[in-house]
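1. Please work out how this folds:
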Amino acid sequence: MERISTGISELDVKLEGGYPIGKVILVTGASGTGKTIFGLHFLRRSCIDGRKCVHIATEESPEDLLVQAEMLGLDLRPYLDSGQLTVKRVFETRTYNVEQAAEFGFGSKMIDVDILKQVKLVPDDTDVVVIDNMGVFALDLSVKEFRDRIDTINRMLAGKGCTTLFIMDEAAYKLTHEVSEYSAYGSIKLMVKENPYTGVRERYLDIPKMRSTKISLDLAVFDITSEGIKFRKSGSKA
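-> Predicted coordinates:
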């Protein structure tokens, strides 16, 4: 199967070369585990490799996203300026809708952002899509409605040939009974927990599922550094 680099060399090795092309990969984790940074690495590497990318940002403005990327040595601004990268301003739309709903007394449906419409607007020549955070679209939906929406988005982006990251917060992931796991071709789980041997809290990566890929079930330890995600070698300490 053809692969596309994750933007993190150690993760590429773990995935036999990267994410499977044209598939949806789910990245989940609690706040602070590095989910957004994994998406930034993927966007940066894909842009360097000449791929056309779209980022659907539901929780940050494009400006904040660019600042965060620059601080990690993952500068995306040149690609945004050239049009190779497009950042959809969903966050601003959501917050504007909240203001309008409060001012004019509209119900909660006024606050909704149509994610299906956003996906339909993704150009057909797009290679890579990152949606961060999918959990936003789980609010006020039944589990079945959310599963149906996830499956529809998956089909639409697969039809365009996009390799896609669905980034989803752990709270929404559990609230929806983890149904997004079944729609994704592969999944990566990020977590922070205490090392039982050192008593130090560390970040871990788990790959419970990646079709067409021989994966290790061992947890990998990683750090968030000034250069982004760095995996530790087995047996190394912080």
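
2. which residue ranges form the strands in the chain?
-> For the chain, the strands defined by DSSP state E cover 3-4, 19-20, 24-29, 53-57, 85-89, 128-132, 163-169, 186-194, 201-210, 220-225, 228-231.

3. Mind putting these into CSV with mean neighbour count and distance to residue 122?
-> Placement of C-beta: from N, CA and C, glycine included. As requested, the strands of the chain are arranged in CSV below (neighbours: other Cβ atoms under 10 Å; distance: least, Cβ to Cβ, whole Å):
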stretch, mean neighbour count, distance to residue 122
strand 3-4, 19, 17
strand 19-20, 24, 17
strand 24-29, 25, 13
strand 53-57, 24, 5
strand 85-89, 19, 8
strand 128-132, 25, 6
strand 163-169, 26, 10
strand 186-194, 18, 21
strand 201-210, 18, 24
strand 220-225, 16, 29
strand 228-231, 19, 25
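
4. Which positions within the longest helix anywhere in the chain qualify as buried?
-> Scanning the chain for the longest helix, with DSSP state H as the assignment, gives helix 143-159. Neighbour counts over helix 143-159 (16 or more other Cβ atoms under 10 Å) mark 146, 147, 149, 150, 153, 154, 157 as buried.

5. Residue 204: which of those is nearest?
-> Distance to residue 204 across these (Cβ to Cβ) is lowest for residue 150, with 25.2 Å.

6. Pull the contacting residues for residue 36.
-> 60, 65, 68, 132, 167 (Cβ atoms under 8 Å, 6 or more residues apart in numbering).

7. Tell me, what's the model's pLDDT at the third one?
-> Translated: residue 68. pLDDT recorded at residue 68 is 96.

8. Okay, now the unreliable bits of this protein?
-> Within the chain, the segments meeting pLDDT under 70 span 91-113, 234-238.

9. on that earlier part again, need the max-distance pair from the contacts of residue 36.
-> Top of the distance list for those (Cβ to Cβ): 68 and 167, 13.7 Å.

10. Make TSV from the contacts of residue 36 and add distance to residue 75 to it.
-> Output for the contacts of residue 36, formatted as TSV (distance: Cβ to Cβ, whole Å):
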residue	distance to residue 75
60	16
65	12
68	11
132	18
167	20
